[in-house]
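Novice: next come a sequence and a model predicted from it.
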Amino acid sequence: MSSVYLDWAATAPPDSDVQREALSLSLESYGNPSSAHAQGKRARELLEGARKSIQSAAGLTKGSFIFTGSGTEADQIPLLALLRKFIRTGRSAKPVHIVVSSIEHAAIDAQAHQLEKMGIEVAWIDADTSGFIDPQRVADRVRRDTALVTVMAVNNETGALQDISAIERAARDAAARAGARDFWFHIDAVQALGKLPMGALTLQADSIAVSAHKIRGPKGIGGLWLKKPLETLALGGGQEQGIRAGTENVFGAIAFALAAQKAYGSLGANGELARTLETRLIEGVARIPGALLVPRRAIADSGYVPHIVSLAFPGVGGETMVRALSDRGIAVSTGSACSSNKSRQGRRVLKAMGIPEDIALCALRVSTGSATTPSEIDAFLEHAEDLYRKLKT
Amino acid sequence: MRSFFLIKPGEIELKIGNKREFIQRLKEQIHLRLKGIQFELEEYPGRFFLSIDEEYAELALFVLQHCPGVNGVARAIKTLKQPEAVVAAAVTCAREQYERGATSFKVETRRSDKSFPLDSYGTAVAAADAILEDIPALSVDVHNPDFTLMIEIRERAYVYANTLPGPRGLPTGTQGKGLLLLSGGIDSPVAGYMMARRGLALEVVYFHTYPYTSIEAQQKVERLATRLAAWTGNVHLWIVFFTEVQQKIAKGPREETNTLMLRMAMMTASSIIAQRINAKAIVTGESLGQVASQTAENMRLSQKPSVLPLFRPLIGIDKEETIALAKKIGTYDISILPYEDCCVLFSPKHPILKPDFQELADYYASLELEPLIVESVSRAEDKLIRFGESLREYGLAGAKA
């Protein structure tokens, strides 16, 4: 059976050169980076070198970068930090208000729902049917007591690229008009890392969450860029500026850095490849009777990243197609792998965009990466068309 | 060390003509479920006594508490028919209860052997006095005691404190065999349990529509059938591959009847299997009005292909009650696993509620599903799920066999 992997947005196939080199370095320098002896110092050097290297490769400079256990953890840290403020002021004394887009990854979505249950007020901002967050809608919900605004840079299900700078400008203006102290602006950039330079985002954001395994690094390591210090909820041995305590994952950090260097070293070539593949895919989908893109988008549409395309075969459930394609050796997904564990949550993002349920239930996500070939796209199109004909009821 | 269990059969005792047969069945079922383990089962009027190595006591208790026909079961102390021995056993038994937090008790005595030197009252008083002397913190409360200490003087003397409930009902198989339609939802396993308690042995049929439904959905049904096996002994599971039948229905012109037609097709297939396995009835988890396909009119249609009586034990039970039962029998947490599929795409948006019987019966016939259904049944996979597997499913160490 052929093996076609078009689920890079769930996780990218690990780069074995990167992982081997990181493993060998971390085996040689196994010390605890907090130890005062030579082994510890060597590990510390590697860790700090990795940190600097990610920052300069991705453009995450002019701030600090701390390693976390995952992109999810990096997303949780600024949200959970709100609890310190909330508990200090008490529920009745001073409400804490946050503004969250309804199309966030579960890392933000589930955490924000939890904060809501604990008494923090959440203003949820739905996207339009194309998957975009309207800056004005965000601005309309910003209040005097808004403590945090969070919007993801690239949506993991639709590939929609949010206009972060317009959202930030509108929200900050609204805050100023309301006479508010400045809010914290957090960006989930997990799907943007390695695909886009991050420098522009650092101009607007107070914090940015990223993850290594989406750029062919290992699972189990993420990162949080911070413009200014943050008082965190979870404490421990003071590692990572006290924000993410716990002995550092030196292997993960080195591998993350090597993967970031590779991704940003071939940003142009990878971008071109992604566009070529996107064009091939979108043209192919157009030739399949009944198939459609969800949301509708043009080839090389600047509103979407090329490496994530969401499409639907109306009448055949997304999960049905995923199973049938998998039987033919083709890996795609119905959306976020992190929400397909819970079937009822699976189509939350498309529903928040106002996509009708019978289309949303049929949605599939095709995501590509630096090793994807045009023939993989062709194989997907050929089998999807055949299966659609057979399975459509 | 041996453990003794006193088993109280219930409804069997009320039978007259076929009581012997029912008792035989109950004994067979206990033997089947404890296969491979050394134990003795003695029968006396209105009681069974099971003696088994201590190592298997937990297993025996599980078996007896899941064996239809058993009303109650108690761990008993078996002792000599001498007043001192009986009193000593009573004290041991009371101490166990006291250590579990009981503070009050009463004593009841049944004495079928009239040669015992003390009468019933005298036995109870002697036991109570000894208990109060040994454990001063306990007191007698004849109205609302924390435990009732039972003393039975029969061919031997038995002392026990707590009777644990059994499933009651009739022994498995005394009412023949039924074929249960098992879907993976909450209701059908409960329906199976209820009919198992009425003495029906069960075989189970599941309709698999891959890739519309997932392998996980099938595995979930296998786990549910395994849990049911705890109540019915071995269970035969039939997996019928129904994708083509479902596709043919969906391609028909009347979308609003899809669910109804699928149910009729499942009933046609079930009917074929039921006859093949010599089942006497078909069992479903339907509850009146719960969903569109479970109106009286729709049930008249969906049962039409069946030549056997249809048992719907949940027909008058509401969802809350069904959920409570599912939790009690241990199927709920499996039933709610999220492997439901996009059957919402197959189900009509506006299902038909009050169909014209003849018109839809004709429509069903016009779909000409019979050959596909016969073919699907002939390709059905069947799996025997043994009682021992249910023990593992419930986290118990199984019998050796």
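Specialist: That came through fine. Numbering: from 1, shown residues only, chains lettered A, B, ... in the order given.

Novice: distance check, the closest residue to A:Leu273 other than its chain neighbours against A:Leu60.
Specialist: Among residues not flanking A:Leu273 along the chain, A:Ser370 sits closest, at 6.9 Å (C-beta to C-beta, 6 or more residues apart in numbering or on different chains). Yep, even glycine has a C-beta here, placed from its N, CA and C like the rest. As defined by C-beta to C-beta, to the nearest Å, A:Ser370 lies at a distance of 20 Å from A:Leu60.

Novice: A:Leu281 now?
Specialist: Applying C-beta to C-beta to A:Leu281 and A:Leu60 gives a distance of 30 Å.

Novice: tell me which of these two has more neighbours.
Specialist: Set side by side, A:Leu281 and A:Leu60 show unequal neighbour counts under other C-beta atoms under 10 Å in any protein chain shown, the larger going to A:Leu60 at 27 against 24.

Novice: helix/strand/coil for that one?
Specialist: The assignment at A:Leu60 comes out as coil when based on DSSP: H, G, I helix; E, B strand; the rest coil.

Novice: show me what contacts it?
Specialist: A:54, A:198-199, A:202, A:208, A:210, A:223, A:225 (C-beta atoms under 8 Å, 6 or more residues apart in numbering or on different chains).

Novice: list only buried entries from the residues you listed.
Specialist: Using 16 or more other C-beta atoms under 10 Å in any protein chain shown as the burial test, the contacts of A:Leu60 include A:54, A:198, A:202, A:208, A:210, A:223, A:225 as buried.

Novice: show me the contacts for the fourth one.
Specialist: Yep, that's A:Ile208 we're talking about. By C-beta under 8 Å, 6+ apart, the residues touching A:Ile208 are A:60, A:186-187, A:189, A:198, A:201-202, A:224-225.

Novice: same check, this time on the last one
Specialist: Listed by C-beta under 8 Å, 6+ apart, the contact set of A:Trp225 reads A:55, A:60, A:63-65, A:198, A:202, A:205, A:207-208, A:210.

Novice: switch the cut-off to 7 Å
Specialist: A:60, A:63, A:65, A:202, A:207-208 (C-beta atoms under 7 Å, 6 or more residues apart in numbering or on different chains).

Novice: closest residue of the stretch 251-393 of chain A to chain B?
Specialist: Of the stretch 251-393 of chain A, the residue with the smallest distance to chain B, taken as C-beta to the nearest C-beta, is A:Gly317 at 2.7 Å.

Novice: what about that residue, how many neighbours?
Specialist: Applying the criterion other C-beta under 10 Å, we find 26 residues in the vicinity of A:Gly317.

Novice: so it versus A:Ser326, what's the distance?
Specialist: Here the criterion is C-beta to C-beta. By it, A:Gly317 lies 14 Å from A:Ser326.

Novice: local confidence estimate at the residue in the stretch 1-150 of chain A that chain B sits nearest to?
Specialist: Using C-beta to the nearest C-beta, the closest approach of the stretch 1-150 of chain A to chain B is made by A:Ala106 at 14.5 Å. According to the model's per-residue confidence, A:Ala106 sits at a pLDDT of 93.

Novice: likewise the one 4 residues further on?
Specialist: On pLDDT, A:Ala110 comes in at 94.

Novice: can you count the residues close to it?
Specialist: A total of 18 residues lie near A:Ala110 under the criterion other C-beta under 10 Å.

Novice: surely it forms part of a helix?
Specialist: Yes: counting by three-state DSSP, one finds A:Ala110 located in a helix.

Novice: quick one, what contacts it?
Specialist: Counted by C-beta under 7 Å, 6+ apart, A:Ala110 has zero contacts.

Novice: where's it relative to B:Met261, distance?
Specialist: Using C-beta to C-beta, A:Ala110 is found at 40 Å from B:Met261.

Novice: what's the answer for A:Leu364, then?
Specialist: Distance of A:Leu364 to B:Met261, given as C-beta to C-beta: 28 Å.

Novice: check A:Leu80 too.
Specialist: From A:Leu80 over to B:Met261 the distance is 52 Å, taken as C-beta to C-beta.

Novice: more neighbours, these two?
Specialist: For A:Leu80 versus B:Met261, neighbours defined as other C-beta under 10 Å are more numerous around B:Met261 (23 against 16).
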